[in-house]
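Novice: Prediction below, plus the sequence it came from.
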Amino acid sequence: MAKMRTPRFKLCRRLGLNVIGHPNAMKRSNNGSARNAKKLSSYGIQLLEKQRLRAYYGVMERQFSTYVKKSLKDKEQTGYSLIKRLECRLDNIVYRLGFANSLAGARQMVVHGHFLVNDSKVNIPSFNVSIGDVITLREKSQKNELFKNNFLSNYLNKYPYLDKSENDFSGTLLRYPLRNEVPIEINDSLVVEYYSRLS
């Protein structure tokens, strides 16, 4: 499985944005090393925003480009379509449900086969979760205290498009998220403009 190998805190400082959600990620960010600390061309601004969005979801360039191409074919706004596709990846849904404290941790849990989707084992982080799909922590994995505590301690941290069940350690995608419900600081129109330049 390909993954970003740049140190996470260093990546956040370089991008000038806390893309991993860790409270200490930006502690040494005022040293002028951030890309946005320098004067950027319009192309540079678009490129930076694209890199930030990729980093939020931990997606490699080739796979990210595929998401963009599919989104460009959608009838709805391209930027929103792209965010929606990224948000509905299985690793991200696992993270949003609170099973892990980071997206990287959620991805590792998925790869190690800790989850069922509609009662079937799925270990592909990029698996597309559809409306009505039920993601459940496997019964054997429910005995893991770390997984249990993560889920229960994050039980009140809810997203309106997800339903969490404390009883059976599961969650359901009720509907696709609205753009303003996705907690990322990204101007997705700049990402679309970046790829429009390349086409």
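Specialist: Ah, there it is. Numbers count the residues shown, from 1 in each chain.
Novice: ok, the closest residue to D188 other than its chain neighbours to S41 distance?
Specialist: Closest residue in space to D188, ignoring its immediate chain neighbours: G79 at 3.2 Å, by CB to CB, 6 or more residues apart in numbering. C-beta coordinates here come from the backbone N, C-alpha and C atoms, glycine included. According to CB to CB, to the nearest Å, G79 and S41 sit 21 Å apart.
Novice: Next up, the contacts around the residue nearest to D188.
Specialist: By CB atoms under 8 Å, 6 or more residues apart in numbering, the residues touching G79 are S71, R179, D188, S189, V191, V192.
Novice: among those, which ones are buried?
Specialist: Neighbour counting with 16 or more other CB atoms under 10 Å marks S71, D188, V191, V192 as buried within the contacts of G79.
Novice: Counting neighbours, what do you get for the nearest residue to L178 once chain neighbours are set aside?
Specialist: Residue nearest to L178 in three dimensions, not counting chain neighbours: Y161, with 7.7 Å by CB to CB, 6+ apart. Neighbour count for Y161, taken as other CB atoms under 10 Å: 19.
Novice: Identify the residue nearest the residue positioned nearest the centre of the chain in space, chain neighbours excluded?
Specialist: Nearest residue to the geometric centre of the chain (CA atoms, centre = their mean): Y57, 3.5 Å. Once flanking residues are discounted, Y57 sits nearest to L86: 4.6 Å by CB to CB, 6+ apart.
Novice: Helices along the protein, start to end?
Specialist: For the chain, helices defined by DSSP state H occupy the ranges 8-15, 42-57, 61-72, 78-87, 90-96, 103-111, 145-153, 188-198.
Novice: Of these, which is nearest V117?
Specialist: The closest of the helices of the chain to V117 is helix 90-96. By CB to CB, the value is 6.9 Å.
Novice: mean confidence score for that closest one?
Specialist: Taken as a whole, helix 90-96 has a mean pLDDT of 96.
Novice: and if you look at stretch 189-199?
Specialist: On average, stretch 189-199 scores 87.
Novice: how about the CA coordinates for that stretch, as CSV?
Specialist: Extracted C-alpha coordinates of stretch 189-199, given in CSV (Å, rounded to 0.1, in the frame of the first residue of the first chain):
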residue,chain,number,x,y,z
SER,A,189,-12.2,25.6,-6.3
LEU,A,190,-8.5,26.4,-6.4
VAL,A,191,-7.8,22.6,-6.7
VAL,A,192,-10.2,22.4,-9.6
GLU,A,193,-8.5,25.4,-11.3
TYR,A,194,-5.1,23.7,-10.9
TYR,A,195,-6.3,20.6,-12.8
SER,A,196,-8.1,22.7,-15.4
ARG,A,197,-4.7,24.2,-16.3
LEU,A,198,-3.4,20.8,-17.0
SER,A,199,-6.2,19.6,-19.3
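Novice: in it, what counts as buried?
Specialist: Using 16+ other CB under 10 Å as the test for burial, stretch 189-199 gives L190, V191, V192, E193, Y194, Y195.
Novice: Throw those residues into TSV and include distance to I93, thanks.
Specialist: As requested, the buried residues of stretch 189-199 are exported to TSV (distance: CB to CB, whole Å):
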residue	distance to I93
L190	25
V191	21
V192	24
E193	28
Y194	26
Y195	25
